[in-house]
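Asks: Next come a sequence and a model predicted from it.
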Amino acid sequence: MPKSFKLLDSKIIEGEKRWTYSLNTIFNYQKIIEVTITDHYQQKPGREDITNELILETLELKLNGKKVNPMPNSCLLWGRDVFLWNTIYQNKKYRLIFWFKDKETSHLWIRNCYPID
């Protein structure tokens, strides 16, 4: 299966690395055309196996077509619906934390990804 993602932009803002990719997938009945991944997932040890490509492949292959409810009260706490999503990819369990960028419905903002037991 050909990958539907492509790097569009890479920059550092206030010390945080951000990569923006094109992506063609469906999430919560919305067509997603862009994804921004921050380097937050790289800040803790034990996450050396996680890469932007792994995150993108997980979104493309496992999140596509899924409906996920936001974390309870996340909108009250952070002013946005935050999604905490657990999945299995390549026989490993992962948790992704993300939201819609600036309340857009076609652009996901990936804050974190890490392995879980």
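Replies: On my side now, so go ahead.
Asks: Could you list the buried residues of the helix or strand of the chain with the lowest mean pLDDT?
Replies: The helix or strand of the chain with the lowest confidence, counting by mean pLDDT, DSSP states H and E, is helix 74-78 at a mean of 82. Within helix 74-78, the residues scored as buried using 16 or more other C-beta atoms under 10 Å are residue 74. To be clear about C-beta, it is placed using only N, CA and C from the backbone, and glycine gets the same treatment.
Asks: How about stretch 44-63?
Replies: Buried residues in stretch 44-63, counting neighbours by 16+ other C-beta under 10 Å, are found at 50, 52, 54-60, 62-63.
Asks: Stretch 65-85 too?
Replies: Applying a neighbour-count criterion of 16+ other C-beta under 10 Å, the buried positions in stretch 65-85 are 68, 71, 74, 82-83, 85.
Asks: and what of stretch 84-91?
Replies: Neighbour-count burial for stretch 84-91 flags 85, 87 (criterion: 16+ other C-beta under 10 Å).
Asks: now it, how far from the centre of its chain.
Replies: Centroid separation between stretch 84-91 and its chain, computed with C-alpha atoms, centre = their mean, to the nearest Å, is 12 Å.
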